[in-house]
Each structure stands twice: as C-alpha cells, then as structure tokens.
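Engineer: sequence and predicted model, in that order:
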Number of protein chains: 2
Amino acid sequence: MLQLKDLPTTDVLTKFAERYPDADVTAIASVLQLLRVATDLSIALDTCLSKHGLLQGRWWVLILLMREEEKTSTPSILADKAGVTRATMTGLIDGLEQAGLVARVFTKDDRRSVLISLTALGQLKLDEVMPDYYRRLRQCMRVLDEAQRAELQKILGLINLGIPAFI
Amino acid sequence: MLQLKDLPTTDVLTKFAERYPDADVTAIASVLQLLRVATDLSIALDTCLSKHGLLQGRWWVLILLMREEEKTSTPSILADKAGVTRATMTGLIDGLEQAGLVARVFTKDDRRSVLISLTALGQLKLDEVMPDYYRRLRQCMRVLDEAQRAELQKILGLINLGIPAFI
DNA sequence: TTGACATAGTTAGCCAGCTAACTATAATGA
DNA sequence: TCATTATAGTTAGCTGGCTAACTATGTCAA
C-alpha cells in the first residue's frame, strides 16, 4: 500500500511547497502518516495470520462464512463482500478447499451456482486464529481510550467524505 | 491492503465477542475503519498517478531523487527509502530508464555501484504530476481543520507505538 | 418459443511485489 | 598477502492480485 519508509520531514515538504504552491503541508503529512500506520498495521496482521498458515484473503473468506447463519454463501457474494474479483475468489476457494477448510456444494435450483460451506475444520481453524488476533489487537489499541477511538472514527469518517474529491 | 468491503457491524462484532471473549469491539471497529479509509486513499492516489502514466513505486523513486541536492542516488539507498527490496528497485529503475525519466551513471570509485540520476524529462514529469496530486490532496483534506489534523496525527502516533504489541 | 442478453464460475495470461541465488567488486583480518 | 566475508546490483522464478475471454446456465421480450 504505502511502501515509502522515508516520510518527508516538514522541511522537505516546505521546500516542495515553494516549487508547488498547491502543496498543503499539514494535509500531506497527515495523509502520509495515515497510510504509513495503516500499512504497518496490515503487515502486522499478515504476520499474525501467517503464524496460523493463513493470509488475509483466505482468512476473510472464512470470517464471511462464519457470519452467515448457515455458514454458507456463494463465490460471487463472497467476492463482493471481500472486495476481490470473482476470478480471485475462485483461487481463494481452491486453496481453502484443498486445506479442507471449506467445501463446494453443488445445488439443484441454479446449476450455474455453487454453495461454499465452512467445514468443521474451517470453524476449528477460526477458533484457533481469532482469539490470537483479538488478543493482539486489544494489546495494540490499549494506547487509546474510548474517547480517542471515537474521535479517530469521527475524523476517518470525515476523510472518507473527502475521498471523492481526490479521484 | 484491506480488500474487505463488508465491514462488520457492531451487531456482528458483539456476536463474535460472545464466542471470542478477547474481542475488543471499539478497538476492532477503529482498526478496520483505519485500514478501509487508508486503502481507499491509496487507490485514489493510484488512480491519480495512472492518469499520468505512473504507479506509486516509480513515482516515489522520482520524488526521492528530487529530494536530493544533486538529484542523484544509488539503487540500494533508494530501495531502503522506498521500502522495497533491491531486486524490486532494479525493476523500477529499468522502467523509469526506458521512459527516459532517470539515467544510470556508472562511477569509477566503486565499480559495484551505479548512480541513478533524475533526468530533465523526469523533472518535467514531476512538474506535471505534483501540482495535480497536491491539488487533489488539498481538496480531499479540506474536510479537516488544523486542530483535527493535529489530533489525527497524535492518535496515529499512539497507535504506531502500539503496533509492536501486535507483532 | 426462440434469439438476445445477463449471470455464475472458471481459465489464461499479465503485473508488481517478493525471496533466493548469482556475479562482480571491495574490505578485512589471520 | 590472500582467503574470507560483505556489499551492489541483477536475474530467475514464485505469489496473489488483476482483466479479458470463455462455458454453461438462466431470463426475458418480440
């Protein structure tokens, strides 16, 4: 996401702002720090998951299935919710099926469609990963009290409103 | 980074917290929203850059070179600062060199090393891209006043302190 | 009812990261 | 001094995303 390690100092930004007058120094600094922290969080999450033999893509599929009453969904719906293409979802399901964590169930009513079902082994895997993930996340966020979390969410909501103006 | 589109509602999180008591609902919601907004910002940035025929990787290389007094650096140093491997940097430089935006200059003092230099065309490309990028970023962040930007940076700094506890 | 269009899933091939291994050169210490 | 080790850059091959194209099935309107 943001690979860049060497974030610009205020000095560098000020220098760039001389050449490019549109530069808004505090806006740039805020966005880059946001991207930096988010990227490091994402890497930390990947590290945690890899200890359980998972990657984000497959893990989200398991969670999405667990959210369902019947522990079941279709590749298209899963792709939408997971934010990947249907082609990518095919690959994720292939991997999970090989590992025995989900199963493809063919249905009769629409023969184009397949039901993806969380297996007992898949649920077992989640019961192993989720407590570890939640424990680490809780530790990480202990630095923020409830008021700060609410403030963060409010500010992020505002930035989210601004994103269309970026595109 | 965070593909997941279908973020959990508080309801879903509460349900998960029943099965997994370590779940800290506001911590999870904050982190996921942080990842979501950061990912959307990153995508918006990519979209902006692609209009100028660039991708983040190559663009950061140009910026890192422009930051240097002599508009010059080496692949190793660039790789460190850009946060990619030296192998990846070789590829980025290959692309930029083909486009005429940087040049490889062989030096005599250490014959293992190569100097990468921003060309006039490279500077021209930056002069085209940066104003557009800065203008969009300014627009996007207009939703936050200076106090909110400072508050955001403070909170992000705290989360950053917490990340080691995640790994 | 049947031809045009839409939808579900898959396959094939591209891309930009990565690791590991390689070549060439430099630095070091027994 | 010269064998070992370290460093700079590259190459080869892996990965998990992507798009585009394909097959099979379902839907709908003339």
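Structural biologist: Ah, there it is. Numbering: from 1, shown residues only, chains lettered A, B, ... in the order given.

Engineer: quick check: A:Leu54 is in a strand.
Structural biologist: No: using DSSP: H, G, I helix; E, B strand; the rest coil, the secondary structure at A:Leu54 is coil, not a strand.

Engineer: wait, does the helix ranked longest in chain A contact DNA strand C?
Structural biologist: Ranked by number of residues, the top helix in chain A under DSSP state H is helix A:25-50. No: Helix A:25-50 stays clear of DNA strand C (Cβ under 7 Å from any atom of the strand), getting no nearer than 10.3 Å. (Glycine included, C-beta is placed from N, CA and C.)

Engineer: what helices or strands is that helix leaning on?
Structural biologist: helix A:10-19, helix A:56-67, helix A:120-141, helix B:25-50, helix B:120-141, helix B:146-162 (3 or more Cβ pairs under 8 Å, 6 or more residues apart in numbering or on different chains; DSSP states H and E).

Engineer: now do it, average pLDDT.
Structural biologist: Mean per-residue pLDDT for helix A:25-50: 96.

Engineer: which parts of it are buried?
Structural biologist: A:25-42, A:44-45, A:48-49 (16 or more other Cβ atoms under 10 Å in any protein chain shown).

Engineer: quick check on A:Val143: phi, psi?
Structural biologist: phi -70, psi -20 (degrees, to the nearest 10).

Engineer: how far off centre is stretch A:83-99?
Structural biologist: Relative to the chain's own centre, stretch A:83-99 is displaced by 16 Å; criterion: Cα atoms, centre = their mean, to the nearest Å.

Engineer: what about dumping the CA coordinates of that stretch to PDB?
Structural biologist: Output of stretch A:83-99 as PDB, limited to C-alpha atoms (Å, rounded to 0.1, in the frame of the first residue of the first chain):
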ATOM      1  CA  GLY A  83     -13.700  -6.800  -2.300                       C
ATOM      2  CA  VAL A  84     -11.900  -9.100  -4.800                       C
ATOM      3  CA  THR A  85     -12.900 -10.200  -8.300                       C
ATOM      4  CA  ARG A  86     -14.700 -13.400  -8.900                       C
ATOM      5  CA  ALA A  87     -11.600 -14.800 -10.600                       C
ATOM      6  CA  THR A  88      -9.600 -14.100  -7.400                       C
ATOM      7  CA  MET A  89     -12.300 -15.700  -5.300                       C
ATOM      8  CA  THR A  90     -12.100 -18.900  -7.300                       C
ATOM      9  CA  GLY A  91      -8.400 -19.100  -6.400                       C
ATOM     10  CA  LEU A  92      -9.000 -18.400  -2.700                       C
ATOM     11  CA  ILE A  93     -11.700 -21.000  -2.500                       C
ATOM     12  CA  ASP A  94      -9.500 -23.500  -4.400                       C
ATOM     13  CA  GLY A  95      -6.800 -23.000  -1.600                       C
ATOM     14  CA  LEU A  96      -9.300 -23.300   1.200                       C
ATOM     15  CA  GLU A  97     -10.900 -26.300  -0.300                       C
ATOM     16  CA  GLN A  98      -7.600 -28.100  -0.600                       C
ATOM     17  CA  ALA A  99      -6.900 -27.300   3.000                       C
END
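
Engineer: just give the closest residue to the residue of chain A at minimum distance from DNA strand D, not the sequence neighbours.
Structural biologist: With Cβ to the nearest atom of the strand as the measure, A:Gly57 is the residue of chain A nearest to DNA strand D, at 2.6 Å. Nearest residue to A:Gly57, sequence neighbours excluded (Cβ to Cβ, 6 or more residues apart in numbering or on different chains): A:Leu92, at 5.1 Å.

Engineer: isn't that neighbour up against A:Leu64?
Structural biologist: No: applying Cβ atoms under 8 Å as the test, A:Leu92 and A:Leu64 come out as separate, 10.6 Å apart.

Engineer: of these two, give the one with the bigger neighbour count.
Structural biologist: When A:Leu92 and A:Leu64 are compared for neighbours, A:Leu92 comes out ahead with 23 against 20, by other Cβ atoms under 10 Å in any protein chain shown.
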